[in-house]
Each structure stands twice: as structure tokens, then as C-alpha cells.
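>>> Quick one, structure for this:
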Amino acid sequence: MSGAGPAQPMIARRSAPLKGEANAPGDKSISHRALILGALSVGETVIEGLLEGEDVLATAAAMRSLGAQVERRGPGAWTVVGVGVGGFLEPENVIDCGNAGTGARLIMGAVATTPITTFFTGDASLRRRPMKRVTDPLSMFGAQFYGRQGGLLPMALIGAAAPTAIEYTLPMASAQVKSAALLAGLNAPGETRVIEGVATRDHTERMLQGFGAEVVVEERAEGGRVIRLTGRPELRAQRVTVARDPSSAAFPVAAAALVEGSEVVAPKIGLNPTRAGFYTTLQEMGADLTFENERLEGGEPVADLRMRFSTLKGVDVPLERAASMIDEYPILSVCAAFAEGDTIMRGAEELRVKETDRIAAMARGLIACGVEVEEFPDGMVVRGRGADGVRGGGKVRSELDHRIAMSFAILGMAAQEPVHIDDSQPIATSFPNFTPLMRSLGAGDALELVPASEA
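Numbers count the residues shown, from 1 in each chain. Model (predicted):
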């Protein structure tokens, strides 16, 4: 798991033009959910295109420990024979979610209304992340939690013996919290209602409907949505095709925008409207980005993205767009560094409680690379230095965070001086073939893995 082994430093240097096809891995959010809902279904679910990063593999192992039969049949091809709603067995060992905050919170939701005791832990990064945001609504179903002070892992979960449906208004924009409550509601008789003030990624709602649950989504006149789920359905096994991850594709796409002379196509990228804010923002910044061959696959909109080197300008990112691009703010801040003028990013306080405090981590790294940053509680202003104006040369800490590591790798590929990243190992949690893929596009030795003693 991320952070479990020795650090793997990386040096990112100025790259030759990038050309070709960037085959991003499967969507991490959809992969987690496909495994969990397959395990809660009756019959054999067949999954194609599953992301085989460390985060998702931890969720697969957790489903096995809870009684489902989970098998890998080939690259990205998996089957899950489920136990049905309420059918999870008490695991013999602790469930180790590694670095996967999504996995941990969704699995907690899935088991919270089954009368079993489950113990959860994770790597050093995950053990620092707040779980109270999910344990609060899950306790309303009747589940009990015993963890470290502040609601941190390791944690014991005693599932509700007589769960009751709830109505819960999300206090923050979080698809993980929403999804945890909906998964808990599956085994609670009656109707569970989750109210969100800002629409967040809706993969859980779409997939629940696909597996046969009765889910009704209502748009609210004042903004946001109400999601109503009828408990105790019999979920039916499905064939799931996982779209390629827009959050992972953001890195080669951004690199093509920043490295002069580049043109890269990223095929089959999921463009769910609740996930596509980064690409909308790039276009507003003047990026030469086009969507080709737009279509639906597995109920999700997808397209092939074509990005050419671009001269970017700073923008003020709308507050209401934050939820649709929450994972892309680190790489957006890198794009902003190479833009002309200021880019203002607000409404992203959720970044403070990701794998690390991503606002603080990106601000420190950008400043170390010669970029002026003004930090706010909910975001930052990046004062762009233009297409060839970022000095680079900084020594950056990845903070056990895959997106921080990849973001500064991309910055180094377009900066004047090499960027030293203390540990690239966390990249494997979501994008295990990141470095080979970038090299195949023309980066070559621009991304160099070095012994820790030489870093």
C-alpha cells in the first residue's frame, strides 16, 4: 500500500513534445462502487476496465473478506459473486484500506446496517483523515463506532442489528458521505433520504439504479438534490464497463497543454457532468481542447479528448464548480502557474481533508518552484508566470499523496529547472502506469526515478 515501502524519489525535467495516445486507467470512483455493489448483489457481476491501482485492490480484498467471491480474470477483467443485501459475513481479520479514503468510507456505509463487527485501518495518510463525517450519519442508522480520538482510524464498526431508514442533510459537499449513507440505506427498511446542497458526483445513484435499486433523484429549486432510496431491494448482478478516469487523464492532458509542441489524445474518458469541471475550466483558460466521438458507455457519457499545446490565461473558477473538479485542483494549480495572470480557486475547503492538506501542499511546492501563491482557507490564488515563465528547481514533498506527486511531475516537465519529488510511490494508488505512459508519449528521461540516496 502507499507509504508502506521505502520512498521512491523522482526528478522531473523539461520534456520533449508529447505525442500520441494517452490510455488513462479505469475510473477509480466507478471501480470502487462496481466491486461493492457487485458484492451486495445476487449472481455474478462482470467488470471490464477496472482500475488495478492499490486503492481499488484494497476494496477488492475487503469484499473477499466480507464473503464475496472476487476474482481477476485478466487485465482489468474481474468477476464478483455477491452475497446479497444484508449478506456480508463478519471478517476474520482487520480490513486494511491502504490509502483509499473512498474505499474506507463506502465500505463502512455498506456494512453499517449489517449486524457484524468490522475493524478498519489504513496507511499513515488514511489514519490522519477524518471519518466522523461518515460515522455521524451511519450512527443514525444504529451503527456504533469505536475509534481514535477525533474519529480517526483504526476503528471498530458494530453494525446495526435493527437498522432504521434516515433523512440526512449533508453538511458539506461530499460524494463519499452521500454514498456511504445510500449504501447503508440498502439494508434499512423504508426510505432513506439524502439531501445535498451542492450536486456532487452521482456514480453511486446511477450504479444503484443499474443494479436494480429504487432510487429517485429530485433537483431542488434552491440548488442541490434530494436522493430517495427504498431499502431492502434485491440487487441483480450486472455487466459493468468502467469508463477511463477523468481525474487520472487530467495529468497527461495538462502535460500536453503545457509542453510546447505537444498533441495528445486521451480516449474513452468519462465525462459525467459531476466530474468534468476541470476540462470546462481548461477551455475557459484558452486551452486547445476538443471532445471527439462523444457517446454513452455503461450509462456514463464518454469522449476522446484531444489536447494541443496552449497559451493559457488566468480565470476565476466559479464556486459552484468546485464539487465537479475537487480532485483536479492540484493539477489545475500547476496549469495556473503557466498561465498569464491570476487564477482564483475558492470553495474547495474539502481539499484540506484529502490524502493530505492539498491546498497547503500545493502552495508550498509552487512557492518552492518560484510561483507566487496566496492561500485561503478554501482555496488559493496562483499568480501565473506564463507559458515559459516557471523556474521550477524546487524540492517538493508529495505528502503520501498521489495527486501531489503527479502534479509536480507535470510541472517539472514544463519548467526551466528540474523538480525533485521526494516520493513517487503513492502514484500507484490511482495511476500505476503513469511514468511508463508519459515516457511512451515522448517524455523519455524527463521523468527519472532515482535512488533515495541520490535524491
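>>> Give me the domain ranges for the protein.
10-26+243-454, 28-241 (automatic domain parsing).
>>> The shortest one: end-to-end distance?
Domain 28-241 stretches 13 Å from its first residue to its last (CA to CA, to the nearest Å).
>>> Over to stretch 163-179?
Across its full length, stretch 163-179 reaches 17 Å between end residues, using CA to CA.
>>> buried stuff in that stretch?
By neighbour count on 16 or more other CB atoms under 10 Å, the buried set for stretch 163-179 is Pro163, Ala165, Ile166, Tyr168, Leu170, Ala173, Ser174, Ala175, Gln176, Val177, Lys178, Ser179. Every C-beta, even on glycine, is put in place using the N, C-alpha and C of the backbone.
>>> Does the second one belong to a helix, a strand or coil?
To tie it back to what came earlier, the one meant is Ala165. When the structure is reduced to helix, strand and coil (DSSP: H, G, I helix; E, B strand; the rest coil), Ala165 reads as coil.
>>> Distance check, the closest residue to it other than its chain neighbours against Gly98.
The spatially closest residue to Ala165, leaving aside those adjacent along the chain, is Gly190, at 3.6 Å (CB to CB, 6 or more residues apart in numbering). Distance, Gly190 to Gly98, by CB to CB, to the nearest Å: 34 Å.
>>> And Gly224, by the same measure?
Spatial separation of Gly224 from Gly98 under the definition CB to CB is 32 Å.
>>> In terms of neighbours, single out the busier of these two.
Here Gly224 and Gly98 are set side by side on neighbour count (other CB atoms under 10 Å), and the busier one is Gly98, at 25 against 17.
>>> so where's the stretch 301-450 of the chain shaky on pLDDT?
For the stretch 301-450 of the chain, applying pLDDT under 70 flags no range at all.
>>> which residues in it form helices?
Counting by DSSP state H, counting those that start in this stretch, the stretch 301-450 of the chain has these helices, from start to end: 329-337, 358-368, 402-414, 434-438.
>>> And for the stretch 101-250 of the chain?
Taking DSSP H, counting those that start in this stretch as the test, the helices found in the stretch 101-250 of the chain are 101-111, 132-140, 175-185, 203-210, 246-258.
>>> pretty sure Arg193 contacts Gly231?
No: counting by CB atoms under 8 Å, no contact exists between Arg193 and Gly231, whose distance comes to 11.2 Å.
>>> Spit out the residues that contact those two alike.
Ala165 (CB atoms under 8 Å, 6 or more residues apart in numbering).
>>> now Pro233: how far from Val134?
Distance, Pro233 to Val134, by CB to CB: 22 Å.
>>> Neighbour count: the two, which is higher?
Legend: neighbour count by other CB under 10 Å for Pro233 and Val134, higher for Val134 (26 against 18).
>>> Arg201 versus the more buried one, what's the distance?
For Val134, the distance to Arg201 equals 16 Å [CB to CB].
>>> now swap in Lys354 and tell me
15 Å.
>>> quick one on the thing from earlier: need the max-distance pair from the buried residues of stretch 163-179.
Pro163 and Ala173 (25.7 Å; CB to CB).
>>> Specify the angle between the helix or strand where Thr290 lies and helix 246-258 in degrees.
Per DSSP states H and E, Thr290 falls inside strand 288-297. Compare the direction of strand 288-297 with that of helix 246-258 by axes from the mean of the first three to the mean of the last three CA atoms, to 10 degrees and you get 160 degrees.
>>> what's next to strand 288-297, contact-wise?
Residues outside strand 288-297 that contact it (CB under 8 Å, 6+ apart) are 241, 243, 253, 257, 265, 268, 271, 279, 282-283, 301-310.
>>> what about the residue of the chain most remote from its centre, distance to Leu282?
The outermost residue of the chain relative to its centre, with distances by CA atoms, centre = their mean, is Ala162 at 32.7 Å. Computed as CB to CB, the Ala162 to Leu282 distance reads 50 Å.
>>> Tell me how many other residues crowd the residue nearest to Ala165.
Applying the criterion other CB under 10 Å, we find 14 residues in the vicinity of Gly190.
>>> Wait, it touches Pro163, no?
No: contact status for Gly190 versus Pro163: not in contact, 9.4 Å apart, counting by CB under 8 Å.
>>> the strands in the stretch 351-455 of the chain, which residues?
With DSSP state E, counting those that start in this stretch as the criterion, the stretch 351-455 of the chain has strands at 372-376, 379-385, 395-396, 419-421, 447-449.
>>> Please name whichever of the ones you listed is nearest to Glu350.
Glu350 lies closest, by CB to CB, to one member of the strands of the stretch 351-455 of the chain: strand 379-385, at 10.3 Å.
>>> Around the residue nearest to Pro189 when sequence neighbours are not counted, how many other residues sit close by?
In space, not counting the residues next to it along the chain, Pro189 is nearest to Gly231; the distance is 5.1 Å by CB to CB, 6+ apart. Using other CB under 10 Å, Gly231 has 21 other residues around it.
>>> now do the one 5 residues further on
Using other CB under 10 Å, Arg236 has 14 neighbouring residues.
>>> Equivalent analysis for Pro17, please.
Summarising burial for Pro17: neighbours were counted as other CB under 10 Å, giving 15.
>>> Could you double-check that Asp55 lies in contact with Asn99?
Yes: judged on CB under 8 Å, Asp55 makes contact with Asn99 at a distance of 6.0 Å.
>>> hey, what's the closest residue to Gly314 other than its chain neighbours bridged with?
Nearest non-adjacent residue to Gly314, counting by CB to CB, 6+ apart: Gly341, 3.4 Å away. Taking DSSP bridges as the rule, Gly341 bridges to Gly384.
>>> re earlier: from memory the residue farthest from the centre of the chain sits against Gly142, does it?
Yes: contact criterion CB under 8 Å: Ala162 and Gly142 qualify, at 6.3 Å.
>>> just to revisit the earlier point, and the helices of the stretch 301-450 of the chain: which comes nearest Pro154?
Using CB to CB as the measure, helix 402-414 is the one of these that comes nearest Pro154, at 22.3 Å.
>>> so what secondary structure elements neighbour the closest one?
Identification of packing neighbours for helix 402-414 by 3 or more CB pairs under 8 Å, 6 or more residues apart in numbering; DSSP states H and E yields strand 10-12, helix 246-258, helix 329-337, helix 358-368, strand 419-421, helix 434-438, strand 447-449.
>>> out of those, nearest to Ala34?
Distance to Ala34, taken as CB to CB, is lowest for helix 246-258 among the helices and strands packed on helix 402-414, at 16.3 Å.
>>> what separates the closest one from the chain centre, distance-wise?
Using CA atoms, centre = their mean, to the nearest Å, the distance from the centre of helix 246-258 to the centre of the chain it belongs to is 15 Å.
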